[in-house]
Structures are given as structure tokens and as C-alpha cells.
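S.K.: from the sequence below, what's the structure:
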Amino acid sequence: MRPEQRIVLRLPLDELWDERGSVLDTRCMGAIGRQAIADLLRHGPVHFVIADVGQPPVWVASEKCFEFWRREVKVHLIDPESDGFYLDAFPEQYAYMARRWQVAHNMPVIVLEKHH
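M.R.: Coordinates of the predicted model:
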């Protein structure tokens, strides 16, 4: 398989890679909730990445992060403090568990692990 054809095999991710399949120098900082994401966005743009098993990661352009947050993420976000969740409680029966990743010398990255 060519690097740009890499797909997500399991969640949570062990490593993060870009659209070309190159592994990034990152580390997962742990689950993050609605208020923490909103606080990060108040300081500037973030990169959202959708991780869906069987698919390549989808990087949302940083200039679209605020619209994507309001339109997509807020309504589908799982509270990281909850003991569980029901997909029926979310629009269109899918939800995201958000994890913050720190990328060396770059803006914050929020990986959205898609559950459906």
C-alpha cells in the first residue's frame, strides 16, 4: 500500500499522519470536551481531523475550523466524562470522541474519532 492510501484500522489512533500518509511528530494529549475545544478556538484556528475506521483521515482546512465546529462537531460531540453514549441520542446516529494531539511547532490538532 502506498503511504497516501493509509486508512484508519482502529480507534483510538496510535499515530497520526497527513494526507500524504507521512507520520507526524505528534502525541495524543487525551480526550477533550466541548468547553476545552471552545477555549482553544478562542485563541485561534485548530486542525480538525476525522478518523473513521476503514477510511483515510480527513483533515478539515484550518480556515474552515470555526464553521465546522459550529455546524458539525458541537452537535455530535461525546462528553469525555460520560460512562457511555447512545448513537440514537445524536443527529443522524453518529458521534465523535475528541482527542487533542500536540504537533511539534504547529496549531492544536483535534482528532474526531467517528462512531456510527
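S.K.: please make it C-alpha for all contacts and neighbour counts, starting now.
M.R.: Fine.
S.K.: can you point me to the longest helix in this structure?
M.R.: helix 34-42 (DSSP state H).
S.K.: report the buried residues of that one.
M.R.: Buried residues in helix 34-42, counting neighbours by 16 or more other Cα atoms under 10 Å, are found at R34, I37.
S.K.: any idea how far it is from the chain center?
M.R.: Per Cα atoms, centre = their mean, to the nearest Å, the displacement of helix 34-42 from the mean C-alpha position of its chain is 14 Å.
S.K.: could you do stretch 95-106 as well?
M.R.: 6 Å.
S.K.: ok, stretch 98-114 next?
M.R.: Centroid separation for stretch 98-114 versus its chain: 7 Å, with Cα atoms, centre = their mean.
S.K.: now do the buried residues in it.
M.R.: Buried positions in stretch 98-114, judged by neighbour count with 16+ other Cα under 10 Å: A98, R99, R100, W101, Q102, P108, V109, I110, V111, L112, E113, K114.
S.K.: before we move on, which element is the first one in?
M.R.: Under the criterion of DSSP states H and E, A98 resides in strand 95-103.
S.K.: for whatever helix or strand comes next after that strand, which helices and strands make contact with it?
M.R.: Where DSSP H and E defines the elements, the next helix or strand beyond strand 95-103 is strand 109-115. Counting contacts by 3 or more Cα pairs under 8 Å, 6 or more residues apart in numbering; DSSP states H and E, strand 109-115 packs against strand 47-51, strand 95-103.
S.K.: nothing else from me, thank you.
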